[in-house]
Structure formats: C-alpha cells, structure tokens
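Return a 3D structure for these sequence lines:
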Amino acid sequence: MLIIHLARAVTICLMIMLITLIGIGPMLLMGLVKALVPIRPLQRACSIGVMWIAETWAEGLKNIFRLMTPTVWDIRSDVTLDREQSYLVVSNHQSWVDIPALVEVFNRRAPFFKFFLKKELIWVPLVGLAFWALDYPFMKRYSKEHLERYPEDRGKDLEITRRACEKFHDLPVTVVNFLEGTRFTPAKHRHQQSPYRNLLKPKSGGVAFVMGALGEQMRYLLDVTIVYPDGSVPGFWHLLSGQVSRVVVDIRSRTVPPELFLGDYANDPVFRDTFQAWVRDLWEAKDARIDELKRDIRHRRGRHRDDA
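Residues are numbered from 1 along each chain as shown. Now for the predicted structure:
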C-alpha cells in the first residue's frame, strides 16, 4: 500500500510540475510587462492574461486530483456565484489541503482569488514568482516581542493590505482571508487559550482594511467552513497520495452592515471595537457551524452503517 501511495504522489507531483512549467513562462512575461510598462490598457490586458493562465492552471489541478485521487469534494452552498462580481471570502484554516478545496469551489465560478501570503513564500521556486505576477500581497509577520523592540513596524501589514487593494479596483476579484492568520493546531489553540472549540482567535485588521479599501466593490461576503470528516486534519502528502476520502466545504453568504465599510479601523477605537465585535459574532457562528457539520457527518455515517 505504501508503494501505491508513493507512486500516486510522485505521479501527481510530476503532472503538477508539468502544467506549472507550461504556464509559468507566459505568466512571468505578462507580469514583467505589467510592472515595467506604465500604460493602463496594456497593464489591464496583462492582468486579464495572467489570471486566464492561472485559472487554466487551477482547472488542470482540479482535473489531476479528480483523475488520480479518490477524494470527494462535498460542497454545500446556498450561494450562486457570478464571475462578474467581487467577493470577500473568510475561511478557517487547518491544512495546505484547504487551498485545493477553495480551488475546487471557486475556480471559473468566481473571479480568480487573491490570498494574503507569508512573505517567505515568494522564495518558493516558480510558485513564488507566479504569486508575484498575480499581484498576491506578501505579508511579513512580526512577533509580539519584535513589535515591542521595533514599534515602528506596527501597522506595516495593514499598509501592505491597503496598497494591494488599490490593484484590485480594475477587475472583479475574490479576496480570500484566513482570519486566524495561521493554520489551526491543538498546540496553537491551547497556547492562545482560544474561546472557540474549533478555531483560533480571529484577526480583524486585514479584513477591515480590505472592506474599507474596496467598499461597494466588495458587496458579498462568503463565509467558508472547511471540515475533514476523517477526524485528523490531513497534510498535503495525504491528498497527493490518495489518503483523503472526503472534504466538506460549506459556503454561506453573510450580510455585512453597511457602516462597516465606512469607518477608520486604524484610528477610530470605537469603530475598531464595533468591527471586532462583528468578527467575533461571525466566528462564534462559524464555530457552531463546524460542530453542526461534524454532527451531520457522524449521523450520516451511522445511518450508512445501519443500512449496510
């Protein structure tokens, strides 16, 4: 069985490398033209071209996983997506498998998505350059100790968010924000003393700046909840080797109070408290939704055993 898992994972990696090598050259060329030639119509055309290549690559990724793995993507949604609309997606984050799950849900159903990435990812061969060509914002994380020693670095991540959002005005976009800021682990959960059963504490600043910068363009907030029914959270190796049987992706549309698009999160403490309270309510609802999905999964398994 180990040999089968290994062979499948190696084959999938080679297939992903192949489609990446095919697309990376044209993507980087368009990215360079967009960066070096300050002609607005040409930059817009290059942005459209880069996103088309990225969507084609992502569609190839979906087809590889469908062909080579037994994974079932259990998508539960009350939303009809539109490629001409912009969306703000907030999601829990547990594993690298979350990314293919979001690709499965959104690719070519909504505008190509933008992630806020750790700055270190720009050094990943090929992939980092692709992220740069796609105008993905790279965020540098500062520890509490660092900020105490260098207080001038406070707010730099929010400034990066603001500059990134300026690039999102020209075309419809799906902005994905993992509010926890890192992948959930039991150790992190204990260290934070998180008040949520299934989640880390959310960070509000990034999503507040996205909403403030994009305003009416970002009218739709999609609350995405990812659950792994097998119990333990799988790593990317488990997906590549065919050991992930099912991934549940639950999507709910949430209404955002209009006043939350208008305040000054950085400088208005009253607005900041109001926004953080709204995020906490959102996170409490998500925590309860995860419990509900887990109960539903257990119920279906029990009914399946009874039928058998």
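
can you list the weak-confidence ranges in the stretch 201-308 of the chain?
Low-confidence segments of the stretch 201-308 of the chain, defined by pLDDT under 70, span residues 216, 302-308.

The stretch 151-300 of the chain: helices as residue ranges?
Assigned helices in the stretch 151-300 of the chain, in chain order: 156-166, 186-192, 205-214, 236-240, 269-307 (criterion: DSSP state H, counting those that start in this stretch).

out of the ones you listed, nearest to residue 42?
Distances from residue 42 to each of these were compared using CB to CB; the minimum, 18.1 Å, belongs to helix 156-166. Just so you know, the C-beta spots here come from the backbone N, C-alpha and C atoms, and that holds for glycine as well.

Mind checking the helices of the stretch 151-300 of the chain for the one nearest to residue 62?
Shortest separation from residue 62 across those is recorded for helix 236-240, at 12.4 Å, computed as CB to CB.

Provide the contact partners of that closest one at residue level.
Contact with helix 236-240 is made by 8-9, 12-13, 65, 69, 71, 95-97, 100, 244, as judged by CB atoms under 8 Å, 6 or more residues apart in numbering.

Contacts only, for the residue lying closest to residue 246 once chain neighbours are set aside.
Nearest residue to residue 246 in three dimensions, chain neighbours excluded: residue 72, at 4.5 Å (CB to CB, 6 or more residues apart in numbering). Remark: with contacts taken as CB under 8 Å, 6+ apart, residue 72 is in contact with 245-247.

show me the contacts for the residue nearest the centre of the chain.
Taking CA atoms, centre = their mean as the criterion, residue 176 is the residue nearest the geometric centre of the chain, at 4.2 Å. The contact partners of residue 176, taken as CB under 8 Å, 6+ apart, are 89, 91, 102, 113-116.

per-residue confidence at it?
Confidence at residue 176, expressed as pLDDT, is 91.

Check the one 4 residues further on too.
Turning to residue 180, the model gives it a pLDDT of 94.

Surely it and residue 200 touch.
Yes - using CB atoms under 8 Å, residue 180 is in contact with residue 200, at 4.1 Å.

can you count the residues close to residue 244?
For residue 244, the neighbour count with other CB atoms under 10 Å is 26.

Please state the offset of stretch 28-35 from the chain centre?
Stretch 28-35 has its average C-alpha position 24 Å from the chain's average C-alpha position, going by CA atoms, centre = their mean, to the nearest Å.

Pull out the buried residues from that stretch.
Within stretch 28-35, the residues that count as buried by 16 or more other CB atoms under 10 Å are 28, 30-31, 33-34.

Just these: which are in helices?
Counting by DSSP state H, the members of these that fall within helices are 28, 30-31, 33-34.

Could you dump these into TSV with distance to residue 152 and pLDDT added?
Supplementary listing: those in TSV, determined by distance: CB to CB, whole Å; pLDDT from 0 to 100:
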residue	distance to residue 152	pLDDT
28	34	88
30	36	90
31	31	87
33	35	90
34	31	84
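
Using CSV, please lay out those residues together with distance to residue 235.
Written out in CSV, the entries for those read as follows (distance: CB to CB, whole Å):
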residue, distance to residue 235
28, 29
30, 33
31, 30
33, 37
34, 35
